[in-house]
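[1] My questions are about this predicted structure, shown below with the sequence.
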Amino acid sequence: DQQVKQNSPSLSVQEGRISILNCDYTNSMFDYFLWYKKYPAEGPTFLISISSIKDKNEDGRFTVFLNKSAKHLSLHIVPSQPGDSAVYFCAASAGWGAQKLVFGQGTRLTINP
Amino acid sequence: DAGITQSPRYKITETGRQVTLMCHQTWSHSYMFWYRQDLGHGLRLIYYSAAADITDKGEVSDGYVVSRSKTENFPLTLESATRSQTSVYFCASRGLAGVSTDTQYFGPGTRLTVL
């Protein structure tokens, strides 16, 4: 029973264009959402988060959008850069902020020059 | 070195053996976590700890044991390793909510192969 789903295992985008990574969740108790980025042979690193009281959060080139009615969130990266090539994990938690996180399967993003 | 470290980085063992994966953090974070990463599943929580001597099970805790006698260490033991426990294991930590940033910080991972 996958409570957080990333249905696209991989995504390829041209450098300078927008990358859009999607995530769906089923548990209506989730109220805090995060995106992590992971390079090979390294641990995940925090990228950006959003609380359920907001529908958008922006940090530089990264913007996360939350659609609570659709139980869907997305990460937009504009413009995409070669260093953005990595696996991106969506994660969610219910209460407590980022204590017990439930992760999606991950999406491998490749930025082509 | 400041941060969160894991040892060993790579481990090969045989079915039935006991294996302990180590995790050490220098931030004095209250919370520590163990995850495993498998293809098609993302990261799944094995165990977590809110403080020294306080631990609780996560989603996939069967076959694993943890202890936390000191705040900075959170070892994970596979009591009798099975092939299904072949995975990459990540340790993470975070401070108290409202005191530090609201995120978990991950170690570099341990790749465990059970033959």
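    Cool, the structure landed.

[2] For the closest residue to A:D59 other than its chain neighbours, the count of nearby residues, please.
    Among residues not flanking A:D59 along the chain, A:I48 sits closest, at 5.1 Å (CB to CB, 6 or more residues apart in numbering or on different chains). Where C-beta positions appear, they are placed from N, C-alpha and C, glycine not excepted. For A:I48, the number of neighbouring residues by other CB atoms under 10 Å in any protein chain shown comes to 18.

[3] Isn't A:I48 up against A:S74?
    No - the pair A:I48 and A:S74 does not pass the contact test of CB atoms under 8 Å, sitting 11.5 Å apart.

[4] list the residues that contact both of those two?
    Residues touching both A:I48 and A:S74 (CB atoms under 8 Å, 6 or more residues apart in numbering or on different chains): A:V64.

[5] what's near enough to touch the residue nearest to A:D59?
    Per CB under 8 Å, 6+ apart, neighbours of A:I48: A:L34, A:W35, A:N57, A:D59, A:F62, A:T63, A:V64, A:L75.

[6] what's the spacing between the fifth one and A:K37?
    Which is A:F62. When distance is defined by CB to CB, to the nearest Å, A:F62 is 9 Å away from A:K37.

[7] Neighbour count: the two, which is higher?
    Comparing A:F62 with A:K37 by neighbour count (other CB under 10 Å), the higher total belongs to A:K37, at 21 against 17.

[8] What does the more buried one show for phi and psi?
    Comment: the main-chain dihedrals of A:K37 come out as phi -120, psi 140, following degrees, to the nearest 10.

[9] what are the bridge partners for it, then?
    For A:K37, the beta-bridge partners are A:T45, A:Y88 (DSSP bridges).

[10] mind listing what's buried in the lengthiest strand in chain B?
    Longest strand in chain B by number of residues (criterion: DSSP state E): strand B:42-51. Buried residues in strand B:42-51, defined by neighbour count with 16 or more other CB atoms under 10 Å in any protein chain shown: B:G42, B:L43, B:R44, B:L45, B:I46, B:Y47, B:Y48, B:S49.

[11] Briefly note if it comes near chain A.
    Yes - remark: strand B:42-51 sits within contact range of chain A at B:G42, B:L43, B:R44, B:L45, B:Y48, by CB under 8 Å from any CB of the partner chain.

[12] partner strands of that strand, parallel or antiparallel?
    According to DSSP bridges, strand B:42-51 has the following sheet partners: strand B:31-38 (antiparallel), strand B:54-57 (antiparallel).

[13] Tell me where the model's unsure across the chain.
    No chain was given, so I picked chain A. Across chain A, residues meeting the criterion (pLDDT under 70) sit at A:96-98.

[14] You answered for a different chain; I wanted chain B.
    Answering for chain B: the residues below the bar, that is pLDDT under 70, span B:1-2, B:96-102.

[15] Now with 50, please.
    Low-confidence segments of chain B, defined by pLDDT under 50: B:99-100.

[16] In contact with the most centrally placed residue in it, which residues are there?
    The centroid of chain B falls nearest to B:W34 when counting by CA atoms, centre = their mean (2.8 Å). If you count contacts by CB under 8 Å, 6+ apart, B:W34 has them with B:21, B:23, B:45-48, B:58, B:64, B:66, B:74, B:76, B:89-92.

[17] Skipping adjacent residues, who's closest to it in space?
    Distance criterion CB to CB, 6+ apart; nearest residue to B:W34, sequence neighbours excluded, is B:I46 at 4.3 Å.
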